[in-house]
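Undergrad: sequence? don't have it. structure:
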C-alpha cells in the first residue's frame, strides 16, 4: 500500500482534533475567565530508504533518505494570558488582575476547629477531606447562610481575621466585630470558608446590622455596620502555580492542580512578615475577567485547518487513483 495514504489519514485525524479545539474556543468566547487552547503538531516516525554516508577519499558524503509517516498531536496547550476586564458594578463580582486563581472548595464549611491547614511554604497541608478547586471566574454570590459561593455552589476560601486573641469567625461561623483600623489586626494562620453575615456581634454582646461591604485589591473584605464603624470580615485567598498551563480543567470554570502544575502557592494573609509575603496579583471589585479568546485569530486558524484537512483528504483520493491504475495494469 502507498505510505502517503496513511500519512493523509494521520493528517485528517490531527486536523479534526484542531477543529474540535477551535470549536470549543469559539463556543466559550463569552465564558467568564475562560482560557483558550491551541494545538501543536509534531511529525511522526521516519522510514529510512538509505542511511547517511560519510565522505571518503574518492567520494563526498551523502545524506540519509527518509520518508515521513505522517503527523500527530504534540500537545494541546492552554493559553493563560489575561482577559479583558468587563465592568459590572456588582459588589460580589471580582476579577483577578495578574497571575493567580481564586480558591474554592466542595465539602463541609471550614471554621475554627476544622479549617484548611497550610504548611510553612504556603502549600496546602491538610484540606480536611475537602476537594479544592481553582478558578478565574469571580462572579460570586451569597447562599442562604451568607457564605460566599460560586455560581455552581462551591464555597470561597480565605482568611478569617483576629486581633489580640479575638477571632473574627468562631467555631459556629458567627462573625465578631474587629475594627478595620486595629493596629494588631492580622489574618488567621489557616484557610476558612468566608461569610458575609447580616450582622456582626460587638464586644459588649450586642449585634449591629451590616449596611454595606466592599472587597479591596488585597482581597480584604470590610463592612460598614450600624453606627458607621467599619468591621473587617475576612480576606480572599488566591493561589498561583509554577506551571499554570499544567492545571487540569474540570468544567464549571474550575481547575485542579496536577502533577505537572506544581503545588498551589497560597497568598499570604494580612499582616504577614513583609520578607515572606506571597502575592498573586490584585483583586478588582465590580469587574469580571472576560474570555481571552481572539475571534479573528480563531477564524483564521479555522480557515487554515479546513484547507489542511482538505489537502490530507486529497492525498488519500490521489493514492486511491494510483492504486486503481495499478490494479488496471492487467485486464
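TA: Sure thing, it's come through. Bear in mind that the values here come from a model prediction, so they are computed numbers and not experimental data.
Undergrad: contacts and neighbour counts: CA atoms only from here.
TA: Fine.
Undergrad: so the closest residue to residue 129 other than its chain neighbours versus residue 154, what's the distance?
TA: Closest residue to residue 129 apart from its sequence neighbours, by Cα to Cα, 6 or more residues apart in numbering: residue 107 at 7.3 Å. Summarising the geometry, the distance separating residue 107 from residue 154, computed by Cα to Cα, to the nearest Å, is 8 Å.
Undergrad: which one of these two has more residues nearby?
TA: Set residue 107 next to residue 154 and count neighbours by other Cα atoms under 10 Å: residue 154 wins out with 19 against 13.
Undergrad: correct me if wrong: that one contacts residue 105.
TA: Yes - taking Cα atoms under 8 Å as the definition, residue 154 is a contact partner of residue 105 at 5.4 Å.
Undergrad: just for this structure, where's the confidence low?
TA: Segments of the chain classed as low confidence (criterion: pLDDT under 70) are 1, 112-113, 331.
Undergrad: what about residue 171, which SS state?
TA: coil (DSSP: H, G, I helix; E, B strand; the rest coil).
Undergrad: for residue 5, same thing?
TA: Following three-state DSSP, residue 5 is assigned to helix.
Undergrad: what's the burial count for it?
TA: Residue 5: 21 neighbours (other Cα under 10 Å).
Undergrad: how near is it to residue 318?
TA: According to Cα to Cα, residue 5 stands 8 Å off from residue 318.
Undergrad: quick one, phi psi at the residue nearest to residue 129?
TA: phi 130, psi -170 (degrees, to the nearest 10).
Undergrad: for the chain, which helix is longest?
TA: Scanning the chain for the longest helix, with DSSP state H as the assignment, gives helix 295-327.
Undergrad: other SSEs contacting that one?
TA: For helix 295-327, the contact count by 3 or more Cα pairs under 8 Å, 6 or more residues apart in numbering; DSSP states H and E identifies helix 3-27 as packing neighbours.
Undergrad: any idea of the angle the helix it packs on forms with helix 295-327?
TA: For helix 3-27 against helix 295-327, the angle by axes from the mean of the first three to the mean of the last three Cα atoms, to 10 degrees is 160 degrees.
Undergrad: what about helix 3-27, distance to the chain center?
TA: Going by Cα atoms, centre = their mean, to the nearest Å, the spacing between the C-alpha centre of helix 3-27 and its chain's C-alpha centre is 25 Å.
Undergrad: counting by contacts, list what that helix packs against.
TA: Helix 3-27 sits against strand 37-43, strand 71-78, helix 295-327, with contacts defined as 3+ Cα pairs under 8 Å, 6+ apart.
Undergrad: and stretch 134-145, what's buried?
TA: For stretch 134-145, the neighbour count (16 or more other Cα atoms under 10 Å) marks 134-142 as buried.
Undergrad: now those as TSV including distance to residue 49 and secondary structure?
TA: As requested, the buried residues of stretch 134-145 are exported to TSV (distance: Cα to Cα, whole Å; DSSP: H, G, I helix; E, B strand; the rest coil):
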residue	distance to residue 49	secondary structure
134	51	strand
135	52	strand
136	52	coil
137	54	coil
138	58	coil
139	60	strand
140	62	coil
141	65	strand
142	68	strand
